[in-house]
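[1] What would the 3D arrangement of this be:
(5 chains, ligands or ions: 4)
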Amino acid sequence: MDFVLRRLGFYLIAFFFAATFNFFLPRLMPGDPITVMFSSQGNPLPVESIAALKETFGFVDGPLYEQYFIYLKSVVTWDLGSSVKYFPQTVNEVLGRSMVWTLFLVGTSTLISFFIGSISGIIAAWNRGGWLDSILSPLSLVLQSIPAVVLALLFMFVFGVALNWLPYSYAYDIELDPAFSWEYISSVISHATMPIISLVIVQIGGYLLTIRNNLINLLGEDYIVMGRAKGLSETRVMFNYGARNALLPSITAFAMTVGVVLGGSLITEVVFNYPGLGNTLFEAIVSRDYPVIQGQLLIMTLAMLSANFVADMAYVYLDPRLRRD
Amino acid sequence: AAEQDDKAVLNIAPVQVTSWVRNFNPYNQTTILPTTNEYIYEPLAIYNPMQGGKIHYRLAEKIEFADDAKSVVFTLRKGVKWSDGQDFDANDVKFSFDMIKANPALDTRAIWQRISAVEVIDEQHVKFSFPEPDSGAAIEIVRVPVVAEHIWREVKDPITFTNENPVGTGPLTEIERFTTRVYVQCRNPHYWDNSTLQVDCVRLPQLANNDQVLAAAQKGELDWFGSFLPDIDKTYVSKDASNHKYWFPADSMVAFNLNLESKNPGNKKAFNDVNFRRAVSMSMDRSSMVNIAGYGYPTLNEYPSGLGAGYHSWNNDEVDKKFGQYSRYDMKAAKKLLKQAGYEDKDGDGYVDNPDGSAIAFSIIVPNGWTDWVNTVQIAVDGLQEMGINAKVATPEAASWTSALIDGSYDAAINAYFSGVTPHLMYNTAFHSSQLDKTRMSSTRFTNPELDVLLDKFYTTTDKAAQQQTMDQIQMIVAENMPFIPVFNNPSWYQYNTERFEGFFNADNPVAKPQPHPGTPERLLHLLSLKPKS
Amino acid sequence: MTTSQSLSQATEQPTLVIKNLCVDYLLDESEFRAVDNVSFNINKGEIFGLAGESGCGKSTIAFAISQLLRPPAYISGGEILLNGDNTLTMDKKTIAKTRWSKVSMVFQSAMNSLNPVLTIEEQFRDMFYRHKGYDETESAKRAGQLLELVGINPNRLKDYPHQFSGGMRQRIVIAIGLALNPDLLIMDEPTTALDVVVQREILLQIHALRKEFGFSVLFITHDLSLMTQLCDRIGVMLKGELVEVGKAKDILLRPQHPYTQKLWQSIPAAFEQNIAEQRATNTREVFA
Amino acid sequence: MSGFLKMLGRNKKVSFGLFIVITYLLIALSAPLLTSHEPNKRVARPHQAPNAENVMGTTRMGRDVYHLFIHGTATSLAVGFGAGLIIVVIGTALGVSAGYFGGKYDEVVSLLTNVALVVPQLPLLLVLAAFIGEASPMTIAIIIGFTSWAWGARVTRSQTLTLRNKEFIQASELACEPSWRIIFVEILPNLSSIIGLNFLGSIIYTIITEATLEFLGLGDPLAVSWGTMLFNAQNASAMTVGAWWEVLVPCVAIAILGMGLALLNFGIDEIANPRLRTFSGIKRFNKRVKQLKAASLNTPNNAKQSTNGVIYDN
Amino acid sequence: MTLLNPPSSDILVTVKNMTKTFNTGKGLHKRQVHALRNVSFELKKGRALALVGESGSGKSTVARLLTRMHLHNSGEVLYRGQDINEFNTHRELAQYRKNIQMIFQDPYGSLNPAHTIYHHLARPLFTHGHVKTKIQAIEKVNDLLRLVELDPEATASKYPHQLSGGQRQRVSIARTVAIGAEIILADEPTSMLDVSIRLDILKLLNKMKNEQDMTFLYITHDIATARYFAEEIAIMYQGQIVEWGNTSSVIDNPQHPYTQLLLSAVPNPHISFTEAAIEGSELLEQANTIREKSMAPIVETVEYNSQHFYAQHD
Ligand SMILES: Nc1ncnc2c1ncn2[C@@H]1O[C@H](COP(=O)(O)OP(=O)(O)OP(=O)(O)O)[C@@H](O)[C@H]1O
Ligand SMILES: Nc1ncnc2c1ncn2[C@@H]1O[C@H](COP(=O)(O)OP(=O)(O)OP(=O)(O)O)[C@@H](O)[C@H]1O
Ligand SMILES: [Mg+2]
Ligand SMILES: [Mg+2]
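    Numbers count the residues shown, from 1 in each chain, chains lettered A, B, ... in the order given. Ligands and ions are numbered 1, 2, ... in the order given. Sure thing, here's the model as predicted:
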C-alpha cells in the first residue's frame, strides 16, 4: 500500500512537471497560432480580426504567473479549452474522437506483440542456438532497426497500392456509419490490419529480445535446474519456472515501450490516415493548434504514467518478493 | 445509398481534412465546411475576374454606386426564400452586417473598415455607405455571407455557433448524411434558381492529403476537385484519358522580395539599387521554376509589372517594351548589368560585394514544407550563386516566415500576392503606404507617393477607361522600380472527371475560375453549369 | 550396529553404480575433461561422500546421474546404473519419470533452488501432480507432512521462498527431495552457506531420516571433517579423477593417497584435547 | 586486444555488424572523394530510373540519388554519433554521479530521470522540432541528445549503485582514493559495456528518429540526409509515379545501417555477458559431439569408453 | 566491561560500548536492524583477536565501523587514545586509514574486474608513497605476490576473473600488506581457500603478526583456525559479544550456552554421527531455547577466570 502511495506521489510529480513544461513550450516558441492559421495560405486576415480572434480563443496577454495558474486550474479541471483548428470544438472533443482509435491500435498491437514476442522469445531462449533462435533473434534485431515510417510506407505501397489487398486509409469504410454490425466491424478490422501489423513488427523484436536475454540469464539458475530435476515436463519448466521469472523485467520494459509505441503509432497513423491521436497531434503541430498540442502531450504523458502504474502493479503482483501481506 | 441512386450526386473534394466537423457557420474560419459559402449562403453577386470583373447577379439584381462613389445601393431579387420557406429581404442583409460589426472576430474580411453604415431603404433595397469614395467596395461586400435574421437573432454566441442545420438561400442546403468521413448536401427545395440547378447533391469524402486525393481520383471516385497531383498526365489523365482532365489557369502571383529596409547594411545598400534588383531578376530561371519545381503547373510570369496572365486584359504594352528585358531569364545580361553597376568581389571571398566594398550576403526565406516553393527558391539561389551573389535558402516555419515578412525582419523572401477581381488589390496591398506592416504583402516596404495617389484614385471612379489609365500608370511605376521580382503565377488547382457530368469549365470554355475551393465564389456558377450525363 | 548390517545386505545390489564415467566440457576454444574415468557404487541405505577441492568435478557427476548436464557438458563415456538401469541411455520420458521419483537432489545452493515466484505449496504440487497425479488437497496434505518431518510448521505452505531463512529453505528442499521416497538423494554441498549450528541441525535430520526411509545418499562437500562424521564411505577426487575410495574411518585414519593426507594435514585441530583422545582410541582400535 | 579480435572473428553477428558500420563510416568519411559535385545540384532530367549515368536514378528535382545517398550517409552518421555521444555523456554523468554520491542529489537526479522517462519521446521531439523550426540535422541531434539521456542515466545509476556496494570500491575508499579517481578509474571501466550498449542504441534511435522527423517535414528540407530524401520522395509521390528508387534508396540505407548497429549492439551484449560468451552455440557443440562419436566408432576397441554420449536435441 | 589488562601502551584500539543500528527498507517496510549492541573490546599490538559467531551476528559490521566506512550510533572507538570520530579532515582520515586496513570477506567483490592484479597492488603502493617509479612498483608487486605464494610472472598481468577464489583472496591479502597498515581487519580471509592453501596463508598471517608486530582482528566462523591463529577470541551472537577471553580457555571450557552450542556443532571427524547422534541431537533440541535466551540483552558479565569472561542474560 505504501509502495502504491509512493508511486502515486511520483506520478503526481511527474505529471506536474510535464504539465508545467507543456505550459511553457508554446510560450517560448515564435509565432502564435491565429496568425499562423490565417497567414499560411489564401487570404490572410487583417490584424484587427486576428486580435479579435485571439481574444476569442483565450490567448490573453497577462503576467506569466497568472496565465500559469489559470492553466494549472484548467489542467486540474481537465478543461483544456477549444481547438483552434477545429474551433469551436473543445480539445476534449477533438481528443476524445481520436483516442478510441489510438487505444484500439496501440492496445491491439501491443497485446499481439507482447504475446507473440514473449512466447517466441521464450522458445528461442530455451533452444538457444537452435534454428528458431538463429532465425528469430537476428530477424527481430533487423525489424527493430527499421523505422516505423519506412515500414508503414512499404506496407502501404506494397499491400495497399500495388497489390490492393487491404484498405490503407482511415479506420473504416467511408460508406459505413459506426454500428454494431458485422459489416462495420469487419471494415474496422480490415482497415486496422496494416497499421497493426506494422506496429507489431516495430515492437515485437524488443519483447522477443528482452525476454530471450532475460531467460538465457536465468537458465543457469538453480531453480530452473531443480524444476527439471523434479522431472517436470519441459514446457512446464519453461513457462512456470523460466518464463514467469524472465517476464518480470519485460514488464518494466513493457511500460517503457508504451512511449515507443505511442511514437510509432503516431507515424503509422499519419501514413495510414488513421484517425487517432497521432494523426491529430501531427495535424495540430502543422497548424499550430496549441490547445490540442498541449492536451495531447498531457494525455500521452498520462498514458505513459498509467502504463508505468500498471507495470508497477503487475510487477508487485507477479513478484511475491515485493508483495507484503 | 439507395435513395441517392436516382439523384445526380456530384463528388467533390474542395479541401483536405482529417475529419469533418459539423459546422456550417459561414463566419467561422476554422472548421467551416467547404460547402457553406455560396452553396448554402448564396452571395448577392459574383465578380468574375476572368471576364474582366463582370458581375453575375445572384441575390441582388442591381448594384448602383452613387456618383461620388461614397455609397452603393443593392437591389435585391424578388421572391427569394430561405430554405425553411421564409422570405429573404433587405433586413437579413442589414442584420448580417450589423452582427459582424458587433463581433469583430466574425469580420474576417475586415469589411467594416471599408463601409461605415448599412441602411435598409425598403425590403428590396439596401444601402452601404463608405468613409471615402470606394468603387471597389462592392467586390468585398458581396463576399460577406448573408444569414437569416429569424434564425440568427436567437443565436447567443455567433462565434461559437456551429449552425448544424443551416437555413440558407443557396442551391444546396439539406444535409442528407453527415459523418466524420463523408457528408452529402442536397438541393434546397425553395431555391430561387432551381431550374438552372441540375446537380441534386454534392458528396464530400474526407481526404487528408494529396496522396489520398490522387488515389480516389485514379479510381474515378471524384468528379470535381482541385489538388496538387504529381506528374498529373501520368498519374491521373492516363488512367482514363477521355474523362480525366485538368486545367490550371493562373492564380495569385509569386514573386521574390528583397527587403528595402534590411537590417543588414550591406544588403540594404544593394537591395535599394534598382540595377541590383534587375540583375537578380534576370538571374531567375523562371521556366525551370515552373517546369521543375512546379511540375509545369504554374504559369510563367514575365510581366515586368507582375500583372500576370490572369489580368492580361489590363496590361500596358508600353511597360513590356520598356522594361520587359529585366523580367526574363538572361544570365549573361544579368552578369553584365551587375558588373556595370560596380558590384565586384572586393574581399576575395568569391562573392560580389557592393561598390563601396561592403559585403552582400543573404538568405531567401521560404516556409518549411512548401516543397514547390523551396525548390523554386533553390533554383533562384542556383542562379544567384552563378552570378556570384552570396545567397542561401532558409526554411523557417510558416509562422516565422509570415511574421518576418510583416515586421520586415528578413533579407530576402519568396512571397505570393492577393489576386483580386482587378489587379488593384495586389498592388494596393503590396505598395500602398497605409498597408505597411499590415500583411505580408507589404513586405518589400516599397512605397512611393505617386503610387499612393494612383492607387487611391483607382476606385474613386466607376469608369472603366479611367481605371485602365490609372492602372497603366501604376504598372509603369512598378516595372520601373521593380520592387518585387515576379516569377510565376500559382496554378488554380482544378481537375475534373467527365464520366458522369458535363459542362465543366476549361480552357475552351473559360467562363470563370474553375476550382471548387471555398474562397472562389465563381464555383457557384460552375456548379450551376454542370449537368449529369444521361 | 544397524548400519553395518544394512550395508552388508546392500552390497549385493547397489543403488547406484558409476562405471568409467567421463565428462568433457566442449568449449569454443578448449575442451577439457572434468570427470575422468570415475567409477564407484553406492549401496542401498548408504551415505557416500564425495570430497575434493572446488572445481574437481563433484557437481558434474551429480548432474550426470539424472541427465541434467546441459551443453557444453558432454558425457563421453561410461555408464551410470541406477538400480541396474542405465540412466544415460534412457529416453526422455523414462528419464523424466526417473528424476525425483528415483533420484532427487538438493542443490549446491539450495537457497536459490526454489522458484522465487511460486509458493512452497505450488512447488510441491507440480511435482506431486507430475509423478503421482495428486490433486490439490492431497498434495497439500502430503506436503504438510513432509514439512513437519523437517521441522517446519505446515501452515507456512502458502508462503514464498523469500519469507524463509536460508536454513529453512534448505530444509524445504530436503523435504521436497524426500517427497517421493527416492532411492537416492544427492546432496551437493547442501550447507555451504549456513553456519555450523544450522548445518549440524540439518545433517542430523538427514541422518535420522535416512535410517527411517532407507534411501541412499550421495553427499558432496569439501569439508572433510564434516564428511567423515556423516558418511559411511568416502571418495576423494582430484582434478576429475577419483583418487581414493574407502570407509570414512579409513580415510580419516589411514589415508592412502598423498592428496588425502595433505588434506588432513591442512586442517588445524579445533579441539586439541579431543584429538589427543581420539588418537589414543584409534591406536587402541588398531591394536585391537 | 587480440583476444577481442578473436572474439569478433568468432562472433559472426558482430563481425557482420562491424563490417556494415565500418563500410558506412568509410562512405561517410570519403564522401567528397566518392562524389563529383554538390548533392543538391540538378544534374539530369527529373525521375530518371537508375542508369549508367545516374547509378541510383534521379529525384523529381533532377538530383542524383547516389550523391544524395553518399552525403546523406555522412549526415546521418554525424547526427547519430553526435546525439549518441551527448546521450551517453549526459546519461553516464548523471547516472554515475547520482549512484555514487547518493543522498539528496541522487533523489533529485532520480526524480528528473524518472520524469524524463515517462514523458513521451517522439511526440515531444515532434513538438520541439516544429517549434524550433528549420531544425537542421544537427539541431535535431542536439534535441534528441538532450531529451533521451534518461534511459542511460537510469541504467548507469543502478549499475553504479551495485558497484558502489562492491567491496573493491570500498577498498579504494579505504585506500583514500579521491572520488573522481574512484569514479573514473574504478567504476567507469566496469560500465563500459552498458555505456557501449547505450551508445550504439542511441545511434540507432537517433538516426531513426531524425529520419522520422524529417520525413514529417519538421526538419530542414535543404539538408541532405536520408530523412529529407524520404520527405522529398514522399512529396513527389515517388512511389505513385513509379520512381521507386527515390524511396527505396533511403529506406534500405537506414534499414541496413540500423541492422549493422543492432548486430554490433547484440554482439557487445554477448561479449559483455560471460554466460553468453563462453559458449557460442549448440550447433557447434553438436557438430563436435558427432565428430567424437564418429571417432569412437572407428576405434571399436575403445567402444566401452564412449558409447553413451548423449546428443542434446536442443 | 573491562577486558584483560596488559600494559596500556600495547593497546592500539579500544572499542567501548559500540552500538550500530541500520535502518532498512522504506515506508511501511521500515525496519531497524540492531547489528551491534554494546560491543566492547581491545586490539593489542602484535596480537590477534578472533571474532567468531553465527552469520549475521555483526562481525563484519564491527570491522566496517573500525574503518569508519560506517559510523557507529553510540559508544567510542579510540585509536591510540584518540576518538576516530574526530578524524574529520581528509588527511587525518587518510592517515588513520593507512594504519588500519581491511581484508574483505568476499573475494569476488573485492577486486575490480576491470583492472589487472598489478593495478590492484601498485595503486596503494603509489598512493601511500611506498614506491616512486614504475620499476620499483613492479618489483614490489612481485615481492608481494611471492609473499602470498602466487607466481608473479603469471599473476600480475591477469584480471580477477582469471583467478580462482582462493587466488583472489590471496591478492586481497597482498593488497592489504602493500599498504603497510599496522592493524589488519581480516574478514574471513581464508573462507574461499582450498584447504591445502588455507594453512599456508594462516602461517603467513601468523608470521606477519609475530615478526612485524602487526595487529589483527580475525573474523571467522571456523573455530579451528581461530584457535590456531588468535590469542584471544570473542564469540558474537546477534550483535552482542557473549563470551570472550583467552582462546584456548574459551574453546576448551565454554561457559556461555551459545558458545557451547557453537562448539558442539563444529564438525569433528572423529565422532561420527552414527556414534554421536544421540548426544548431538540432544544439544540441538536445546538449540532454539539457547538462541532465544542469548538474544536477550546482557545484564551481567561473569568472570570465569582472569583471562575469560562470559555474559549473562535475564
Ligand atoms: N558450463 C560450464 N562450462 C565450462 N566449464 C564448466 C562448466 N561447468 C563446470 N565447468 C568446469 O568443470 C569443472 C568441474 O566443475 P564442477 O562444478 O563439477 O566442480 P565441483 O567439484 O562441484 O566444484 P565446487 O566445489 O566449486 O562446486 C570445473 O573446472 C568447472 O570449471
Ligand atoms: N549496510 C547495511 N544496511 C542494513 N543492514 C545491514 C547492513 N550491513 C549489515 N547489516 C545487517 O547487520 C547484521 C550484521 O551484519 P554483518 O555483515 O556484520 O554480519 P556478519 O557477522 O559479518 O555475518 P557473515 O558471517 O554472514 O559475514 C545483519 O543482520 C545484516 O543484515
Ligand atoms: Mg559443485
Ligand atoms: Mg561478514
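[2] How much space separates residue C:17 from residue C:60?
    According to CB to CB, to the nearest Å, residue C:17 stands 17 Å off from residue C:60. No exception for glycine: its C-beta is placed from N, CA and C like everyone else's.
[3] Helix or strand with the lowest mean pLDDT in chain A?
    Lowest on mean pLDDT, DSSP states H and E among the helices and strands of chain A sits helix A:33-39, with a mean of 60.
[4] Up against ligand 2, what does chain E have?
    For chain E, the residues found near ligand 2 under the criterion CB under 6 Å from any ligand atom are E:22, E:24, E:33, E:35, E:53, E:55-61, E:105.
[5] Can you name the residue of chain C nearest ligand 3?
    Distances between chain C and ligand 3 by CB to the ion are smallest at residue C:59, namely 3.0 Å.
[6] did I read that right, that residue in a strand?
    No: Residue C:59 is assigned helix when assessed by DSSP: H, G, I helix; E, B strand; the rest coil, not a strand.
[7] Against residue C:225, how distant is it?
    20 Å.
[8] same deal with residue C:93?
    Applying CB to CB, the value for residue C:93 to residue C:225 is 42 Å.
[9] Who has more neighbours out of the two?
    Taking other CB atoms under 10 Å in any protein chain shown, residue C:93 and residue C:225 do not tie; residue C:225 has more neighbours (20 against 9).
[10] show me what contacts the more buried one?
    Residues in contact with residue C:225, defined by CB atoms under 8 Å, 6 or more residues apart in numbering or on different chains, are C:267, E:267-269.
[11] tell me what the helix or strand containing residue A:200 is packed against?
    Element membership of residue A:200 [criterion: DSSP states H and E] is helix A:182-219. Secondary-structure packing of helix A:182-219 (3 or more CB pairs under 8 Å, 6 or more residues apart in numbering or on different chains; DSSP states H and E): helix A:91-126, helix A:131-144, helix A:148-155, helix A:244-271, helix D:274-277.
[12] still on that earlier bit, and of the residues of chain E next to ligand 2, the nearest to residue E:204?
    residue E:105 (18.3 Å; CB to CB).
[13] what secondary structure does the closest one sit in?
    Classified using three-state DSSP, residue E:105 is coil.
[14] Give the bridge partners for the closest residue in space to it that isn't next to it in sequence, please.
    Among residues not flanking residue E:105 along the chain, residue E:187 sits closest, at 4.1 Å (CB to CB, 6 or more residues apart in numbering or on different chains). Under DSSP bridges, the beta-bridge partners of residue E:187 are residue E:219.
[15] Now do the same contact list for residue E:187.
    Contact partners of residue E:187, counting by CB under 8 Å, 6+ apart, are E:59-60, E:63, E:102-105, E:219.
[16] phi, psi of residue E:116?
    Phi and psi for residue E:116, reported as degrees, to the nearest 10, are phi -80, psi 170.
[17] Now do it against residue E:134, distance only.
    Residue E:116 sits 14 Å away from residue E:134, going by CB to CB.
[18] Compare these two (neighbour count), which wins?
    Neighbours were tallied for residue E:116 and for residue E:134 using other CB under 10 Å; the higher tally belongs to residue E:116 (17 against 10).
[19] ok so, going back, which residues in the helix holding residue A:200 does the neighbour count mark as buried?
    In terms of neighbour count (16 or more other CB atoms under 10 Å in any protein chain shown), helix A:182-219 has its buried residues at A:187-188, A:191-219.
[20] roughly how far is that helix from the heart of the chain?
    Centroid displacement of helix A:182-219 relative to its chain, using CA atoms, centre = their mean, to the nearest Å, is 13 Å.
[21] Could you do stretch C:153-166 as well?
    Relative to its chain's centre, stretch C:153-166 lies at 23 Å (CA atoms, centre = their mean).
[22] can you tell if it touches chain A?
    Yes: under the criterion of CB under 8 Å from any CB of the partner chain, chain A is reached by stretch C:153-166 at C:160, C:162.
[23] Averaged pLDDT, that stretch. What do you get?
    Mean pLDDT, stretch C:153-166: 83.
[24] hmm, who's touching the helix or strand hosting residue C:185?
    Using DSSP H and E, residue C:185 sits in strand C:184-188. With CB under 8 Å, 6+ apart as the contact definition, strand C:184-188 has outside contacts at C:15-16, C:42, C:58-59, C:62, C:65, C:82, C:102-108, C:174, C:177-178, C:206, C:215-220.
[25] Which members of those are classed as buried?
    C:15-16, C:42, C:58-59, C:62, C:65, C:82, C:102-108, C:174, C:177-178, C:206, C:215-220.
[26] Helices - which of those land there?
    C:58-59, C:62, C:65, C:174, C:177-178, C:206 (DSSP state H).
[27] just these that are near ligand 2?
    The subset of those lying close to ligand 2, counting by CB under 6 Å from any ligand atom, is empty.
[28] Near chain C, which residues of the stretch 251-400 of chain B? Just list them.
    Neighbours of chain C within the stretch 251-400 of chain B, by CB under 8 Å from any CB: none found.
[29] ranges for the strands of the stretch 251-400 of chain B?
    Ranges of strands within the stretch 251-400 of chain B are B:299-300, B:361-365, B:390-394, based on DSSP state E, counting those that start in this stretch.
[30] what about the strands in the stretch 1-150 of chain D?
    Shown for the stretch 1-150 of chain D, no strands are assigned by DSSP E, counting those that start in this stretch.
[31] For it, give me the ranges with low pLDDT.
    Scanning the stretch 1-150 of chain D for pLDDT under 70 picks out D:1-10, D:133-134.
[32] Do a quick rundown of the helices in it.
    Ranges of helices in the stretch 1-150 of chain D, per DSSP state H, counting those that start in this stretch, are D:2-10, D:12-29, D:31-34, D:65-101, D:103-118, D:121-132, D:137-147, D:150-164.
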